[in-house]
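Chemist: Following is a predicted model, sequence given first.
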Amino acid sequence: MSRQTLWGAFATLVVLAASACSSEYRATSPKEVRALAGSPEAVTAREEAERNLRNIVEAYAEHTQLALGLVVVHDECIGGRARRWFDPDGAERYKIRCSMRVTAYYGAAPERVTSVLDGILAAGDRTGSGIAFTHDVDGPRVDQYRGGRDQEPEVPELSAPGQTLSWDPVRDDRPHLLVEEPQECPVGDPLPFRCVRDPESGTVAAVRKRYGMVFRLALTAPDYYRVRKKG
C-alpha cells in the first residue's frame, strides 16, 4: 500500500472519529436526559398525556358498570444512543423520547360479566366516548359468556391500538390467569423515571375482595415528547 493511500485512510478515520463526537452521533448523557425531561416543554407534554389517559380511565368509570379502584402511572424518558451503522428503529435520531403507561384496575361482579361487557361495548359504540371497543368489532368476545358456550375456551381480553382491557376469567379457575398486582413504585424515583400509584395503598387484591373480579385497562402514550438531534 502506498504512503498516499495510508494517509488517505488515516484522514478518513480522523473524519469519522470527529463525526462520532458530534451531537448527532453521540449518545445523550444522563445529565442532558434529566435536563430535557424536566424542561417546560416536557412538563407540558407530560401533563397533557397524563390528562388524556386519565380522561379515558374516567370514561370507563362513568359510562360503564366498572368501579374504579386503582390507577398506576409509569412515565419514562430514554436518551438517544450513539449512532450505529444500522439502526432500524431510528432511535439515534432523538436526544430524548418520553413514553407513558397508565394502568387502571376496576371491580365488577363476576355473575354480571356479560352485562358489564355489553355495557362497555355500548359505551364504545357512542362516538367520542374514549372507549375503543364496540359491538361491531368486539361483540363475539362477549358472546363467549352467553348461554350454551360454557365449553368454549375463555379469552378474557379485548385489544385495540393504545388500549387493552383484560379481566379475571370467570369459567377458568387457573390462578395464573387472574389479573396480577402491579409492581411497587420505587421510592424517590427522580426524572427521567416517574411512577404514581393512586391511591398509594390500593391493591388489586382489595378490589377483587370488594367486587368479586378485576378488570385491568392498559393505556399507552408512546413518544408523547421527543427532541431530535441536530443534523
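Modeler: Received it, and whenever you're ready, just let me know what you need.

Chemist: hey, where'd the strands end up in the protein?
Modeler: In the chain, the strands defined using DSSP state E lie at 67-79, 94-108, 157-160, 163-167, 193-198, 213-228.

Chemist: Partner strands of the second one, with direction?
Modeler: Paired with strand 94-108 in the same sheet, following DSSP bridges, are strand 67-79 (antiparallel), strand 213-228 (antiparallel).

Chemist: one step back: for residue 205, find the nearest of the strands of the chain.
Modeler: Relative to residue 205, the nearest member of the strands of the chain by C-beta to C-beta is strand 213-228, separated by 8.9 Å. Backbone N, C-alpha and C define where each C-beta goes, glycine included.

Chemist: contacting residues for residue 170?
Modeler: Residue 170 makes contact with 110, 113, 145, 154, 156, 213, according to C-beta atoms under 8 Å, 6 or more residues apart in numbering.

Chemist: do residue 145 as well
Modeler: Residue 145 neighbours (C-beta under 8 Å, 6+ apart): 113, 114, 117, 170.

Chemist: how about the strands paired with strand 94-108, which one is nearest residue 49?
Modeler: Residue 49 sits nearest to strand 213-228 of all the strands paired with strand 94-108, at 3.9 Å, using C-beta to C-beta.

Chemist: can you pull the buried residues of the closest one?
Modeler: Neighbour counts over strand 213-228 (16 or more other C-beta atoms under 10 Å) mark 213, 214, 215, 216, 217, 219, 220, 221, 224, 225, 226, 227 as buried.

Chemist: Equivalent analysis for stretch 127-144, please.
Modeler: 129, 130, 131, 132, 133, 134, 138, 141, 142, 144.

Chemist: follow-up on the earlier one: from the contacts of residue 170, which has minimum pLDDT?
Modeler: Across the contacts of residue 170, the bottom pLDDT score, 84, is held by residue 154.
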